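**Student:** The following comprises the amino acid sequence and a computationally predicted model.
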Amino acid sequence: MEADSLYLALGKIVKAHGIRGEVQVYPYSERPSLFDQKDVFIQDLLGNKVPKKVVKVRRHGKGIILSLEGIEDRSQARAMVGMEISIDRAQLPPLAPGEYYWDEIEGISVESLRGEELGILSDMFSTPAHDIYVVKGDRGEILIPAVTEMVKEIDPDRGVMLVDLPPGLIEANAL
């Protein structure tokens with residue numbers, strides 16, 4: 001296993017918050033509970049992963065505010081802007097069957113049940129109703145609702161997602 005595959009990126013520090021060394025984090029996950037881990041790694045701008053202890057976590061709008069051990073003033077916090085926060089994969093809570101961490105499925109091939117190559121899963125975003133998978137391929141960008149009626153199988157080991165799209169969905173994305 002590669003060194004980077006031992007870690008899961010949780011978010012990126014986007015700014016200093018207040019005067020006591022807190023940082024505001026843009027989370028990559030919809031699961032803020034992942035930030036409750038006490039041991040995280042900060043990837044500095046040179047790519048080194050530095051272990052840090054989380055002292056305090058709180059939600060702030062769509063972001064997360066963290067207090068980290070050893071970061072005690074605004075200038076120390078400001079120096080961390082742009083750095084990524086990760087955790088050791090061994091600390092991850094188990095997922096229910098059929099659930100995946102984003103980095104496990106990013107880049108897999110998306111095919112229709114008829115064997116048609118639709119492209120590569122390049123991104124994902126959430127809506128109030130459900131997640132949306134963004135697939136990029138020869139036909140451009142296709143937005144696929146992440147619902148069982150359309151997503152029939154995800155196999156990260158084989159690197160394939162099988163979908164059954166309703167007539168007109170691909171064409172509707174081209175508009």
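**Tutor:** That came through, no problem.

**Student:** State the pLDDT value of Leu175.
**Tutor:** Here, the pLDDT recorded for Leu175 equals 58.

**Student:** Off-centre distance for stretch 163-175?
**Tutor:** Counting by C-alpha atoms, centre = their mean, to the nearest Å, stretch 163-175 is centred 25 Å from the centre of its parent chain.

**Student:** in that stretch, what's buried?
**Tutor:** By neighbour count with 16 or more other C-beta atoms under 10 Å, stretch 163-175 contains the buried residues Val163, Leu165, Ile170, Asn173. Every C-beta, even on glycine, is put in place using the N, C-alpha and C of the backbone.

**Student:** Pick the one among those closest to Val134.
**Tutor:** Taking C-beta to C-beta as the measure, Val134 lies nearest Asn173 of the buried residues of stretch 163-175, at 9.8 Å.

**Student:** The closest one and Lys53: what is the separation?
**Tutor:** 45 Å (C-beta to C-beta, to the nearest Å).

**Student:** related to what we said a few turns ago, can you redo the buried residues of stretch 163-175 as CSV with secondary structure?
**Tutor:** Listed next are the buried residues of stretch 163-175 as CSV, based on DSSP: H, G, I helix; E, B strand; the rest coil:
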residue, secondary structure
Val163, strand
Leu165, coil
Ile170, helix
Asn173, helix
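
**Student:** OK, contacts around the residue positioned nearest the centre of the chain?
**Tutor:** Centroid check for the chain by C-alpha atoms, centre = their mean gives Tyr28 as the closest residue, at 4.0 Å. Neighbouring residues of Tyr28 by C-beta atoms under 8 Å, 6 or more residues apart in numbering: Ala9, Leu10, Gly11, Lys12, Trp102.

**Student:** try Lys53
**Tutor:** Per C-beta under 8 Å, 6+ apart, neighbours of Lys53: Lys38, Asp39, Val40, Leu68, Glu69.

**Student:** ok, the first one touching Val54?
**Tutor:** Yes: at 5.4 Å, Lys38 and Val54 qualify as touching, with contact defined as C-beta atoms under 8 Å.
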